[in-house]
Structures are given as C-alpha cells and as structure tokens.
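> Prediction below, plus the sequence it came from.
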Amino acid sequence: MGEGIRQAQQGCEATQEVKVFCCLWNGTDLPNYSGGVYDLTWVDRLHRNIQRRLPGGSLTVLVDMFYWDKIVQTYGPAVPYHVIPLLELGIGGWSNVLEIFAPDLRPAEGQRHLAVGLDTVFISDPSWLFQWCAAPVGLPRDPIFTKTVCDAVISFDAEGASIVWDEFQRASDSRMSRYLMMNRPSEMMLLRSLWDKYQWPMLEPEPRQLLSYKCHVQKTGLCPETSVVYFHGRPKMIDLPQTDPIRMEWEGA
C-alpha cells in the first residue's frame, strides 16, 4: 500500500533544489530516548526552522502508515511539507533512515541532499552543507567517540546515495547483523563502516559549524560560525529552559 501511495506522491511533486530529509515512524522497538519522543509537532518545528534558516530549502519527511494516516487526518490535502511513505522494508531498529538513500529520492547530478534527525536545530544558514563536495557522503566527527563519525547530519550526492543503498541491500539479507547498536539494526553503524572503508573525510576536522548540544554547547557554548546544533539522548530541545535561545529557535519564538 505504501509503495503505491509513494509512486503517486512522487509523480506530482515538484523538483526541489535544496532538500532536507528526515524520517518519522512508530518506533515501538526503539529505546525510549529515540522511539517514544517524536511526533508531528517535531516535524512542524523542523519545517519552520528550515524555512527561516535555509533560503530556498524544503523538508521531505518519510513516514510509516501510522503517521501517514495522522498527517492526512491533521492536514488533509494542505500538508505544509513533502511527505513520502516509507517502503517499510522490515529490518527494524533505526534502519528506516536508510530509505532516504532510495533510488527514487536521490539528488540530481551535481546536487546534494541533507539528512537530519528530528532533534536538529538550524541556528544559522547551513547552505555550506549542500556545497561541501570533498566526498560522496559527508558525516560529522562523533562527539563522544571522536576517532569515528556519527550521522546526526548527512550531506550526500547521488554517488553517495548509491553506495549507501547498495550496502543496505546487501546487509538486509542478514537483517543488518554486522551493523547493530543495542542489538538493533543501526544506520549509523552501517555509515561508519562505509566511512572507514572509503576513507571519506569528515564534514569538519574539528566541530565548529556542527555542534552536539550535550558534548559541545553545554560545555563550551556556541561558536560564532555554528549553523547546526544536534541533540542525542537527553536533554532534547523540549527539556531546555523556555528562554534558552536554541529552544526558542526550535519553537520559532
């Protein structure tokens, strides 16, 4: 059912030059900090944040049928962002994120897309992430395990999407048994493996434009050039004081 809706949706969607992607699904098999936090409010706030901070940018959200129905009930035909149903390939864990790299969603030649989590806040123009071209896939330095990368923000071109998707298809045969985190299929573990295999450079040698709230902002504050703050675990944006400038940006205050 989802695939049929997806084909119809793709057929009527106008081409966008600056696309940000995220995912939302009913993650009943995920830990509480990941599966029980997000809803359509988070999508709405990310969408408005993109409109404020990314000139010409658009948001495309991939959703399961649980949230597809909620979006239809909430907005009818007037959804303010692009919605694509997940193919729901059934691997579990965080693997739905890898559908962002599906063949029908890839960037045009010479363009890049951006994938983010719903716990991401743009605090200034992040256009540099669409202009970065040092590798097919760009990932930030992991804020905790600093010798490797995380996937809080992913900048990728068509070649990068193809590499990631092909590995996802190969790994699906074993239900991503090589790429587990907390005994669950993990898109980050797959991307880390590809980063190591291809020796891609990180988006930044040292984090200044892309900052973790927990590991960077809480300890040393924002940098003048910071454009993105991402959250992982706790706290989330909603846990911050109402007067915190990052929460205010997220809420559109």
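Alright, I've got the coordinates.
> how about low-confidence regions in this protein?
Confidence mapping of the chain against pLDDT under 70 gives the ranges 1-16, 31-35, 90, 253.
> Mind doing that once more with 50?
Confidence mapping of the chain against pLDDT under 50 gives the ranges 1, 6-16.
> Just give me the residue closest to the centre of it.
Nearest residue to the geometric centre of the chain (CA atoms, centre = their mean): residue 116, 2.2 Å.
> Enumerate every residue touching the closest residue to residue 228 other than its chain neighbours.
When the adjacent residues along the chain are set aside, residue 228 lies closest to residue 210, with 5.0 Å between them (CB to CB, 6 or more residues apart in numbering). No exception for glycine: its C-beta is placed from N, CA and C like everyone else's. Residue 210 is in contact with 140, 152, 153, 203, 204, 226, 227, 228, 230, counting by CB atoms under 8 Å, 6 or more residues apart in numbering.
> Tabulate the residues you listed in a markdown table, adding columns for secondary structure.
Rendered in a markdown table, the data for the contacts of residue 210 read as follows (DSSP: H, G, I helix; E, B strand; the rest coil):
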| residue | secondary structure |
| --- | --- |
| 140 | coil |
| 152 | coil |
| 153 | strand |
| 203 | coil |
| 204 | coil |
| 226 | coil |
| 227 | coil |
| 228 | strand |
| 230 | strand |
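> nearest to residue 55, of these?
Within those, proximity to residue 55 (CB to CB) peaks at residue 227, which comes in at 12.7 Å.
> Touching, the closest one and residue 130? I think so.
No: using CB atoms under 8 Å, residue 227 is not in contact with residue 130, being 11.5 Å away.
> Show me where the stretch 101-250 of the chain has its strands.
Defined through DSSP state E, counting those that start in this stretch, the strands belonging to the stretch 101-250 of the chain, from first to last, are 113-116, 120-122, 137-138, 153-156, 180-181, 184-185, 210-212, 228-230.
> Residue 190 versus residue 93, what's the distance?
11 Å (CB to CB, to the nearest Å).
> Name the residues contacting each of those two.
The overlap between the contact sets of residue 93 and residue 190 (CB under 8 Å, 6+ apart) consists of residue 176.
> Residue 51 is nearest to which of the strands of the stretch 101-250 of the chain?
Going through the strands of the stretch 101-250 of the chain one by one, with CB to CB as the measure, strand 120-122 comes closest at 10.0 Å.
> helices and strands around the closest one, which ones?
Strand 120-122 makes packing contacts with helix 40-53, strand 228-230, helix 245-251 when contacts are defined by 3 or more CB pairs under 8 Å, 6 or more residues apart in numbering; DSSP states H and E.
> This completes my enquiry, with thanks.
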